[in-house]
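Chemist: Coordinates for the following, if possible.
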Amino acid sequence: WSPDGTKLASGSGSPFGGHQLFIWDAQTGQKILELKGHAATVQSVVWSPDGTKLASGSGSPFGGHQLFIWDAQTGQKILELKGHAATVQSVVWSPDG
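Modeler: Model prediction:
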């Protein structure tokens, strides 16, 4: 859930593709944004404390070990944090962002 409770973020993926994030309107259930860029199943997604960004991690036994930071308003990828040798299973923000 976004910090203000109005949106929900979810991640997906399969061995055959479809590795993306979605942002949903929590009241209507309508998809607001689709964020593309992961090369493997999205394992974890979390909102920043101020609600302006998302962090997402991915991976599979075959690669795609990625950690991205996204703009939660536009869906644009802000940053890729490189160097993971295995699946990024969990991401978390510090309380002060």
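Chemist: Please count neighbours and contacts with C-alpha atoms only from this point.
Modeler: Fine.
Chemist: residue ranges of the strands in this protein, please?
Modeler: Assignment of strands within the chain using DSSP state E yields the ranges 7-11, 20-25, 31-36, 42-47, 53-60, 63-71, 77-80.
Chemist: Which positions in the last one come out as buried?
Modeler: It refers to strand 77-80. residue 77 (16 or more other CA atoms under 10 Å).
Chemist: what's in contact with that strand?
Modeler: For strand 77-80, contacts defined as CA atoms under 8 Å, 6 or more residues apart in numbering pick out 66, 67, 68, 69, 70, 71.
Chemist: got the residues you listed as TSV, with pLDDT and distance to residue 55 columns?
Modeler: Formatted as TSV, the contacts of strand 77-80 follow (pLDDT from 0 to 100; distance: CA to CA, whole Å):
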residue	pLDDT	distance to residue 55
66	95	10
67	96	7
68	97	6
69	98	5
70	98	6
71	98	9
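Chemist: returning to what we had before: with respect to burial, which of the strands of the chain scores highest?
Modeler: With neighbours defined as mean count of other CA atoms under 10 Å, the strands of the chain peak in mean count at strand 53-60, which reaches a mean of 25.
Chemist: so residue 21 touches residue 11, yeah?
Modeler: Yes. Under the criterion of CA atoms under 8 Å, residue 21 makes contact with residue 11 at 4.4 Å.
Chemist: Show me the common contact partners of the two, please.
Modeler: Counting by CA under 8 Å, 6+ apart, the residues touching both residue 21 and residue 11 are residue 42.
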